[in-house]
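In: any chance you could fold what I've pasted below:
(2 chains)
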Amino acid sequence: MAIDTQPGHRLDKRPGGNGTPPVVRRILLDNGALSALVVMVVAMTFMSGDFLSTQNLLNVGVQAAVTAILAFGVTFAIVSGGIDLSVGSVAAFSAVMLGWFTTTEGMPVFLGVLLAILTGTACGLVNGLLISYGKLPPFIATLAMLSAARGLGLVVSDGTPITLPESMSWVGQTLGEWLPVPVLVMIGMGLITAVVLQRTYSGRSMYAIGGNEEAAHLSGIRVPRQKLVIYALVGTFAAVAGIVLATRLASAQPQAATGYELDAIAAVVIGGASLAGGVGKASGTLIGALILAVLRNGLNLLDVSAFWQQVVIGAVIALAVLLDTLRRRA
Amino acid sequence: MSKRKSTSAVILATTVALTASACGSGSNSSGGKDDVKLGFAISALNQPFMVQMKKGAEAEAKAQGASLSVQDAQEDASQQANQVQNFTSQNVKSIIINPVDSDAAGPSVKAAGNAKIPVIAADRGVNKAKVEATVASDNVEGGKMAAKSLAEQLGGKGEILHLRGQVGTSSSRERAKGFTEGLKNYPDIKVVSKQPADFQRAKGLDVTTNVLQSHPDLDGIFAENDEMALGAAKALGAKAGGDIKLVGFDGTPEAIKAVKKGSISSTVAQQPAELGKMAVRNAMRVVEGNPVDPQIKVPVKVVTKKNADRFS
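Out: Model prediction:
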């Protein structure tokens, strides 16, 4: 993939520069999702004495990891004006394939992981083919995959969870005392997302296609081929998320990650991406996933009633996006 | 134009072939003496519990020489209504239904009754419609047994976390009811946190991790199913089953293994395969014109390290 010379999209600096107050203020004003996250963290710190500890913050990171990795992938689809509803199912299917390769087939772990990731890529390619050459709307193509991949996972596993070999469990644990591997994988995938979006031909094409598909086509972008790349990437990211989830549980479960596609889409949209396409960033998606994780963590710490939790989650999603829209209008 | 036509012909042919092969592998015709056809509408095959129930039912059908067609509603009550309707129009001899929702199953079961097809309810009951028999384990009783088991292991006092299942489901409601009633005999046990983890292992892990931050002195955990208990065991690490007692519900093969290993202290075992078996057996009794008991309770049992060998 050649690094293209910049076509018109502004390169935003990732938030977090040097910490002088005016800069902080500008970053917060520039990024609605980040200010929402800061507000939530401050509020949680006041409401629960257990929130602001290193251990708990690491927990939040670990709990955000799977959603964030899925959401990074979905960012590609959404930036290009598409959508991918199949990521939860593809994640579970890839995890089941990992379990099947490493236990039933007795393959070495690295080979199993590689094949599991390729499973996700293959599912994504099928989505891409249906969308590019079958001319199916992304919503429909990936809806079909949502069902098919879930079913394939059940077929391969015969509906029962597959216990992963002991040698794999370190992926879901910590390196040394502190560093949780899922968080490292999340950061790694986030950096890849940022680089793909900002620095590669494919990334630039995603913005171009999402901004105006006809214009992208007329300016010489091979739209169908780029869409194959986009959905294959989404599938690959979903597989990585599935592997992280399975290793955390030391078990590959065919029914895992049900409904996670909605969390992933929520994270992307909270992070400032537009469902109309052409807008979206890796940093925003990460913040979106962190907002959801902080929220779920906080609701547990505060022992909020089960019925109210769903109401609160809905309200916070709406508020976070509202904050961003208001800021843009101002 | 002709190219496009041939492409669509290929797509059509593939679809037909896929459907046919899927149906072939789905229905389990064993071709017995009279080849009695039974239909089994199951709520969701994405849970190990339901898969076990299906396996028990299939084994019993084979033993009885009946053919059993299994349909999976994927937790969708309206899809299940369609499936029961299809069974009715296929004129199966009897329908076994494992309802997605006890109320929503009523109308389609009633329609089957009007077509003179006897219906057996499995695991969950059907409301406002006549069934020949309901085969179920007693969730309220199981909840009480879980409370007793946890309380005895804690020596009658301590702080506990109660992991709730999917809110609003009858199994979660009944297990919680039994558990709360059972705890009344142990006034020194305090439920310090009651949080939903939707019957899922990943959520059981996350919620337990979070609650341990606000209640680091936890003595015990009751999870309304084994999947959440297995997640909680993961969160507790070395403390699971030792410093912090952990009681699950269902008795899935993986949980029984964990009980043997000691990371889950005990679990209330339902017998899903037995549920499926009893459902088919009673369906056959009805088909053959024999009387059946309208309420068939498949017993639940507490599995501890001592008796775990008998459950695997």
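In: would you tell me which residues of chain B are close to chain A?
Out: B:45-48, B:50-51, B:164, B:167, B:192-196, B:200-202, B:205-207, B:209-211, B:213-214, B:230-231, B:234, B:253-254 (CB under 8 Å from any CB of the partner chain). Every residue, glycine included, has its C-beta placed from N, CA and C.
In: show me which of those residues are buried.
Out: Among those, the ones that count as buried by 16 or more other CB atoms under 10 Å in any protein chain shown are B:45-48, B:50-51, B:164, B:192-196, B:200-202, B:205-207, B:209-211, B:213-214, B:230-231, B:234, B:254.
In: can you give me the helices for chain A?
Out: A:21-30, A:32-47, A:54-79, A:87-99, A:109-132, A:138-157, A:181-199, A:201-211, A:213-218, A:223-249, A:260-270, A:282-301, A:306-329 (DSSP state H).
In: which of these sits most buried?
Out: For those, the largest average neighbour count (mean count of other CB atoms under 10 Å in any protein chain shown) is found in helix A:87-99, namely a mean of 31.
In: which strands and helices sit next to that helix?
Out: If you count contacts as 3 or more CB pairs under 8 Å, 6 or more residues apart in numbering or on different chains; DSSP states H and E, helix A:87-99 packs onto helix A:54-79, helix A:109-132, helix A:138-157, strand A:162-163, helix A:223-249, strand A:251-252, helix A:260-270.
In: one more pass at 6 Å, please.
Out: helix A:109-132, helix A:138-157, helix A:223-249, strand A:251-252, helix A:260-270 (3 or more CB pairs under 6 Å, 6 or more residues apart in numbering or on different chains; DSSP states H and E).
In: so for chain B, which of these sits nearest?
Out: Nearest to chain B, of all these, is helix A:223-249, at 5.4 Å by CB to the nearest CB.
In: which ones are touching the residue in the stretch 201-312 of chain B that chain A sits nearest to?
Out: Residue of the stretch 201-312 of chain B nearest chain A, by CB to the nearest CB: B:Asn210 (3.6 Å). B:Asn210 sits next to A:297, A:300-301 when contact means CB atoms under 6 Å, 6 or more residues apart in numbering or on different chains.
In: go again with 10 Å.
Out: Listed by CB atoms under 10 Å, 6 or more residues apart in numbering or on different chains, the contact set of B:Asn210 reads A:50-51, A:56, A:59-60, A:63, A:296-302, B:193, B:195, B:235.
In: for chain B, see how far away A:Leu295 is.
Out: A:Leu295 sits at a distance of 11 Å from chain B (criterion: CB to the nearest CB, to the nearest Å).
In: where does that residue land on pLDDT?
Out: Per-residue pLDDT puts A:Leu295 at 92.
In: ok, back up a step: wait, a helix at the residue of the stretch 201-312 of chain B closest to chain A?
Out: Yes. Judged by DSSP: H, G, I helix; E, B strand; the rest coil, B:Asn210 forms part of a helix.
In: check contacts around B:Val84.
Out: B:39, B:41, B:71, B:73, B:95, B:97, B:99, B:105, B:107-109, B:111-112, B:117, B:119.
In: PyMOL command to pick out the buried ones of those?
Out: Selection of the buried residues among those in PyMOL, burial being defined by 16+ other CB under 10 Å:
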select buried, chain B and resi 39+41+71+73+95+97+99+105+108+109+111+112+117+119
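In: farthest pair within the contacts of B:Val84?
Out: B:Ala73 and B:Ile117 (17.9 Å; CB to CB).
In: surely A:Thr119 meets A:Leu98?
Out: Yes. A:Thr119 lies in contact with A:Leu98 (CB atoms under 10 Å); the separation is 8.2 Å.
In: overlap in contacts, those two.
Out: A:239, A:242.
In: is it possible to get JSON lines of the helices and strands packed on helix A:87-99 that adds mean pLDDT and distance to A:Ile317?
Out: Shown next, in JSON lines, are those (pLDDT from 0 to 100; distance: least, CB to CB, whole Å):
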{"stretch": "helix A:109-132", "mean pLDDT": "96", "distance to A:Ile317": "25"}
{"stretch": "helix A:138-157", "mean pLDDT": "95", "distance to A:Ile317": "20"}
{"stretch": "helix A:223-249", "mean pLDDT": "95", "distance to A:Ile317": "20"}
{"stretch": "strand A:251-252", "mean pLDDT": "88", "distance to A:Ile317": "29"}
{"stretch": "helix A:260-270", "mean pLDDT": "94", "distance to A:Ile317": "5"}
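In: what sits against A:Leu115?
Out: A:94, A:97-98, A:100-102, A:105, A:107, A:122, A:239.
In: run through the stretch 1-150 of chain B and note the low-pLDDT ranges.
Out: B:1-7, B:9-34 (pLDDT under 70).
In: from chain B, how far out is the spatially closest residue to A:Thr325 that is not a sequence neighbour?
Out: Among residues not flanking A:Thr325 along the chain, A:Gly32 sits closest, at 7.8 Å (CB to CB, 6 or more residues apart in numbering or on different chains). Here the criterion is CB to the nearest CB. By it, A:Gly32 lies 26 Å from chain B.
In: and the pLDDT for A:Gly32?
Out: On pLDDT, A:Gly32 comes in at 75.
In: please report the distance of it from A:Leu262.
Out: To A:Leu262, A:Gly32 is 21 Å away according to CB to CB, to the nearest Å.
In: cool, B:Asn290 as well?
Out: In this structure, B:Asn290 and A:Leu262 are 49 Å apart, going by CB to CB.
In: pLDDT weak spots in chain A?
Out: In chain A, residues with pLDDT under 70: A:1-21, A:25-30, A:169, A:171-172, A:330.
In: center of it, which residue is that?
Out: Centroid-nearest residue in chain A: A:Ala71, 1.7 Å away (criterion: CA atoms, centre = their mean).
In: would you confirm that it contacts A:Lys281?
Out: No. Shown here, A:Ala71 and A:Lys281 do not form a contact pair, counting by CB under 10 Å, at 11.7 Å.
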